[in-house]
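Chemist: Next come a sequence and a model predicted from it.
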Amino acid sequence: MALTETGDEVVSAQASRRRRFGLAAITPASRYYWLRLLLTNPAALGSLCFLAVVVILAVLAPVVAPYGPTFVNPADRLVGPSSGYWFGTDTLGRDIFSRTVYGARISLLVGLTVMVGTAVLGSLIGLAAGFYPRLDTPLMRVMDGMDAFPSILLAIAIMAAFGASTRNVIVALVVVFTPNVSRVVRSTTLVNKRQLYVESARCIGLRDRTILLRYIFLNSLSPLIVQCTFIVAFAILAEASLSFLGAGVPAGTATWGNMVSEGQGYIRTAWWIAVFPGTFLFLTVLAINLIGDGLRDSLDPRSRER
Amino acid sequence: MTAYILRRLSLLVPVLLIVGVLVFSLIHLTPGDPAAIIAGEDATTEQIADMRERLGLNDPIHIQFFRWFGGVVRLDLGDSIFLRQPVTEALLDRVQPTGLLTLYSLTLAILIAVPAGVIAAVRRNSWVDRALMVVSISGAAIPTFFFGILLILLFAVILRWLPSGGYVDIGEDPIRHVKSMILPALALGFSTAGLLARMVRSTMLDVLREDYIRTAFAKGLSQKTVVLLHALRNAAIPAMTVLGVSLANLLGGSVVVETVFNLPGMGRLVVESVARRDFPVIQGTVMVIAMIQVIVMLLVDVLYVYVDPRVRYGAD
């Protein structure tokens, strides 16, 4: 979810951070200026570090996790957090830490795949709607229609039709989040297509496809990147919610949403089953949101002018 | 103003038609024969044929659509396969918990967000501002179902102040009703409060820089009067635009919260119907909630235009 600070506030906060970190010498002309600016933002930097840990845990899950995600040890059912089981065990004696680590794989997979899917589909629709006036009304009315549903409800309805599976969750969420991205790309396309450089490109006889890709799309990248960051967070949250409701990744698979759902019934006696995966889910989404906020601030052209 | 409302109403027609097409398509998106899936794995060929006939799946698709959409316009959403009652009746039975939950959550969100946003703006860059903004950012990041479970753990299991779930009808026992709705409303309203608080803070900061605020201070008015009477009234107008989005979030979130707190509302009906493959109920509920959302968005836009004449003149 985007922060709603004013441009001036963002600029002054960034200037003070640059001074504090001794980076006043970095000018907007510097290479990777936005990235350097992002790294001076303590919240974004901390979030990047946390996210890096989650990604490493997910990638190295078979090495890091002491047990497999489905390994059952009936002798150690409902054991609380201890040195043997850091996050405790569930009703079947499965290790919560191992399942949380494996759960990160599904969350990140869904988040990133949905982001790529929505970025491609949303960009195509947004570019077409913004560039060709004849396509604008029909395409955007369909997007309005899709926006009329609360996103989780539309996702549930699509899952009801497709059936529960990780692939179907990804398809459902791409459909649900495409209108967001298409709106962002459409609005930047509408602005960019009136620029002189686009007119010049037309004058030298470039084809529409080249103009769209090379001049308009590349100039829409900054807001698209920011929007895509938030889409990753929304998708991870939505996948967890769908799994929690039993309409997402099939029950039994180690996902954060499934684990919280399984733990809800034991919240009085074994709080750790739901609390640990839920906390990881919360912190991951928070970290991605803070990175999105930081990216938006550092990619803001107003701050580059300073 | 009338012209603006009429224009917005005319735009509703294509949107609702597209919503209708999307909802109607759901049953046809199922891989394989929808009648066989709905009838269940153990169904005989006769039962599947009967189900196909009952759902009207033997007719051409455009006939099916116009029959279904005609029913929606007349508020006839078909019959539930599992509940054996009309979908409209099933929804009416469950509209109270969802309606009240949304209303309480929105009220709670406004009650939390407006003071938080105002205090954060007035004490800009202080520790109070930072703490409030951290809480509001967390509100957007914490999954509603997880926050609900944490609330149950704290207030129902550890402190034992409030019930962990269940619904008490408002007419039956108003006090127990309120007690049963506090945690669900808090779970649902928290993320909306975070979004609203940041919006109020941002618009307050813009308004506090205006010349008329400086004039009000120069006249010798107290900070309280300037902030509450001069600034907040104008800051509230742009913040209102978030209300439409907030209501949409609350309606969507109610699906999750009703499941966590075992409330017999429309959201839980959808979730239960997914497991039962009761497509008429899923389609009917999704259609009704989408229609409510579209109408609420329209009302918020009209209200916005009504309270801010600048938008009205711009629109005309």
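Modeler: Ah, there it is.
Chemist: For A:Ser220, which non-adjacent residue is spatially closest?
Modeler: Setting aside the residues directly before and after it, A:Ser220 is nearest to A:Thr188 in space (CB to CB, 6 or more residues apart in numbering or on different chains), at 3.9 Å. Bear in mind the C-beta positions are built from the backbone N, C-alpha and C, glycine included.
Chemist: which of the residues in the lengthiest helix in chain A are buried?
Modeler: The single longest helix within chain A, with elements called by DSSP state H, is helix A:96-131. Across helix A:96-131, burial judged by 16 or more other CB atoms under 10 Å in any protein chain shown covers A:96-115, A:117-119, A:121-131.
Chemist: That helix: what's the following helix or strand?
Modeler: As assigned by DSSP states H and E, the chain's next helix or strand after helix A:96-131 is helix A:133-147.
Chemist: Could you check how far that following helix is from the centre of its chain?
Modeler: 24 Å (CA atoms, centre = their mean, to the nearest Å).
Chemist: One more: stretch A:211-230?
Modeler: For stretch A:211-230, the distance to the chain centre is 16 Å (CA atoms, centre = their mean).
Chemist: Any idea how many residues pack against B:Val19?
Modeler: 25 (other CB atoms under 10 Å in any protein chain shown).
Chemist: What confidence value was assigned to it?
Modeler: As predicted, B:Val19 sits at a pLDDT of 91.
Chemist: and it, what element?
Modeler: Judged by DSSP H and E, B:Val19 forms part of helix B:2-29.
Chemist: Which secondary structure elements does that helix sit against?
Modeler: helix A:133-147, helix A:151-162, helix B:61-73, helix B:279-307 (3 or more CB pairs under 8 Å, 6 or more residues apart in numbering or on different chains; DSSP states H and E).
Chemist: Show me which positions of the second one end up buried.
Modeler: For helix A:151-162, the neighbour count (16+ other CB under 10 Å) marks A:Ser151, A:Ile152, A:Leu153, A:Leu154, A:Ala155, A:Ile156, A:Ala157, A:Ile158, A:Met159, A:Ala160, A:Ala161, A:Phe162 as buried.
Chemist: for the third one, same thing?
Modeler: Residues of helix B:61-73 classed as buried under the neighbour-count rule (16+ other CB under 10 Å) are B:Gln64, B:Phe65, B:Trp68, B:Phe69, B:Gly71, B:Val72.
Chemist: my guess is the fifth one contacts B:Val87, does it?
Modeler: When you say that, I think you mean B:Gly71. No - here B:Gly71 does not reach B:Val87: they are 9.5 Å apart, not a contact under CB atoms under 8 Å.
Chemist: quick one: common contacting residues for those two?
Modeler: Shared contacts of B:Gly71 and B:Val87 (CB atoms under 8 Å, 6 or more residues apart in numbering or on different chains): B:Leu77, B:Gly78.
Chemist: that older thread, biggest separation within the buried residues of helix B:61-73, which pair?
Modeler: Greatest spatial distance in the buried residues of helix B:61-73: B:Gln64 and B:Val72, 12.7 Å, computed using CB to CB.
Chemist: shared neighbours, those two?
Modeler: Common contacts of B:Gln64 and B:Val72 (CB under 8 Å, 6+ apart): none found.
Chemist: Show me where the chain dips below the pLDDT cut-off.
Modeler: No chain specified, so I'll use chain A. Filtered on pLDDT under 70, chain A yields the residue ranges A:1-31, A:300-306.
Chemist: if you could check chain B rather than the one you did, that'd help
Modeler: For chain B (pLDDT under 70), the answer is B:310-316.
Chemist: ok, B:Arg94 - contacts?
Modeler: Counting by CB under 8 Å, 6+ apart, B:Arg94 touches B:Pro264, B:Gly265, B:Met266, B:Arg268, B:Leu269.
Chemist: How about A:Ala119?
Modeler: Going by CB under 8 Å, 6+ apart, A:Ala119 touches A:Val181, A:Leu224, A:Cys228, A:Ile231.
Chemist: which among these gets closest to B:Gly171?
Modeler: Closest to B:Gly171, out of all of the contacts of A:Ala119 and judged by CB to CB, is A:Ile231, at 43.6 Å.
Chemist: circling back: to A:Asp297, which of the helices and strands packed on helix B:2-29 lies closest?
Modeler: helix A:151-162 (25.5 Å).
Chemist: How far off centre is the helix or strand following that closest one?
Modeler: Using DSSP H and E, the helix or strand that follows helix A:151-162 towards the C-terminus is helix A:166-192. Taking CA atoms, centre = their mean, one finds helix A:166-192 lying 12 Å from the centre of the chain it belongs to.
Chemist: ditto for stretch B:186-198
Modeler: With CA atoms, centre = their mean, you get 12 Å for stretch B:186-198.
Chemist: Check whether it comes near chain A.
Modeler: Yes - counting by CB under 8 Å from any CB of the partner chain, chain A is contacted by stretch B:186-198 at B:Gly194, B:Leu195, B:Arg198.
Chemist: tell me which of those is nearest to chain A?
Modeler: When the residues of stretch B:186-198 next to chain A are ranked by distance to chain A (CB to the nearest CB), B:Arg198 comes first, at 4.9 Å.
Chemist: buried stuff in stretch A:59-71?
Modeler: Neighbour-count burial for stretch A:59-71 [16+ other CB under 10 Å]: A:Ala61, A:Ala65, A:Tyr67, A:Pro69.
Chemist: Could you list the alpha-carbon positions for that stretch in CSV?
Modeler: Extracted C-alpha coordinates of stretch A:59-71, given in CSV (Å, rounded to 0.1, in the frame of the first residue of the first chain):
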residue,chain,number,x,y,z
VAL,A,59,16.1,-21.1,-1.9
LEU,A,60,18.2,-23.2,0.6
ALA,A,61,15.1,-24.8,2.3
PRO,A,62,16.3,-28.4,1.8
VAL,A,63,19.6,-27.4,3.5
VAL,A,64,18.3,-25.0,6.2
ALA,A,65,15.2,-26.9,7.3
PRO,A,66,16.0,-29.7,9.7
TYR,A,67,13.0,-31.8,8.5
GLY,A,68,11.0,-32.1,5.3
PRO,A,69,7.7,-30.1,5.0
THR,A,70,5.6,-33.3,5.3
PHE,A,71,7.8,-35.2,7.7
